[in-house]
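Student: need a 3D model of the sequence below.
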Amino acid sequence: MVRSPQHGPACTGAAGLFVVWFSRLLPFAYNVGYRFSGHNPTFAEDVAQESLTRAYASWNRIRTHPNIEAWVTTTA
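Tutor: Numbers count the residues shown, from 1 in each chain. As a prediction, this is how the structure comes out:
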């Protein structure tokens, strides 16, 4: 079982690993949207939500990617 410092015990397997990675990936996705939009926080939140949703949907494939942050940034 994977333990997330913010959320206590998490689910096991790939989904549990995503929970751990989520807090690390969120700033990358948010910053892309924030800079691209000319500093619009609402747009940045939408971009972060979309890119992290795509990451979760593809997690079994990308969790072994050598640079997950780059994958999320590119997807954002």
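
Student: measure the nearest residue to residue 31 once chain neighbours are set aside to residue 36 for me?
Tutor: Nearest non-adjacent residue to residue 31, counting by Cβ to Cβ, 6 or more residues apart in numbering: residue 44, 7.5 Å away. Placement of C-beta: from N, CA and C, glycine included. Computed with Cβ to Cβ, to the nearest Å, the distance linking residue 44 and residue 36 is 8 Å.

Student: if we can go back for a sec, mind telling me what element the residue nearest to residue 31 is part of?
Tutor: For residue 44, the host element (DSSP states H and E) is helix 41-57.

Student: residue 73 contacts residue 29, correct?
Tutor: Yes: Residue 73 lies in contact with residue 29 (Cβ atoms under 8 Å); the separation is 7.1 Å.

Student: between these two, tell me which one has more neighbours.
Tutor: Taking other Cβ atoms under 10 Å, residue 73 and residue 29 do not tie; residue 29 has more neighbours (25 against 15).
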